[in-house]
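mind folding the following:
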Amino acid sequence: MLESLRRSLGVQLSRWHFRRMHNAVISFADSLSTGGNALLILPLTPTAQSPALVIDLVRTQFPGARLTIVAEEHDTGAAVLLPRSTIIRVSPNNIDWLFRPSREITQRIAGATYDLAIDLNLDSLLPSAYICRESNARVRVGFARDGADLFYNFQMQHDSARDGALYDRLAACLKMF
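Numbers count the residues shown, from 1 in each chain. Model (predicted):
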């Protein structure tokens, strides 16, 4: 109960924080092929599904230093798969009591310019959604859930019958752009 209240308060404060940041009407055509920089937020909680197809797609479109990875502090796979990318580690110490990322993390994110931000968390996690929105990327991709409109301008719908292939469907969808 207390955790739900804290999360709700965190979302409301996020709304207040992002109230002046309006989403411009954009064309998603060529959004991946226009170059620039990308932010990829890996799952912060364990998942049975592998986001490998999405990671490969982003790695080919945004090679090396043009890609910033946000990963859980103990996730060593990102450094191995993407050795030249910038990696930002998120630990429980970097999350405040309202489930928002610390000022250190938000300043690192806001200090760069991103054309694409992808949040691969299937669950509704305020820290990853907040980081995605803080990036101010032209295209912010996430999964549809309550309140996701505040953080993402491109949302992938869950299909409970085909949840096993959710990342595969996201990669196929992103390839169209």
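
from Phe99, how far out is the nearest residue to Phe143 once chain neighbours are set aside?
Distance criterion CB to CB, 6 or more residues apart in numbering; nearest residue to Phe143, sequence neighbours excluded, is Met156 at 5.2 Å. Any C-beta I mention is one placed from the backbone N, CA and C, and that applies to glycine too. To Phe99, Met156 is 22 Å away according to CB to CB, to the nearest Å.

find the centremost residue of the protein, please.
Asp119 (2.3 Å; CA atoms, centre = their mean).

give me the low-pLDDT residue ranges for this structure?
Along the chain, the model assigns pLDDT under 70 to residues 1, 21-35, 159-164.

just the helices in it please.
Under the criterion DSSP state H, the chain contains helices at 2-17, 52-61, 77-81, 103-110, 126-134, 166-175.

ok so, going back, am I right that the residue nearest to the centre of the chain is in contact with Phe143?
Yes - under the criterion of CB atoms under 8 Å, Asp119 makes contact with Phe143 at 7.5 Å.

picking up where we left off before, need the contact list for the residue nearest to Phe143.
Taking CB atoms under 8 Å, 6 or more residues apart in numbering, we find Met156 in contact with 141-144, 166, 169-170, 173.

how about Leu170?
Leu170 sits next to 54, 141, 156 when contact means CB under 8 Å, 6+ apart.

state the distance from the first one to Ala137.
In this case it means Val54. 15 Å.

if we ignore the residues flanking it in sequence, what's nearest Leu125?
Leu44 is the one closest to Leu125 (CB to CB, 6+ apart), at 5.9 Å.

now the one you found: phi and psi?
With angles defined as degrees, to the nearest 10, Leu44 sits at phi -90, psi -10.
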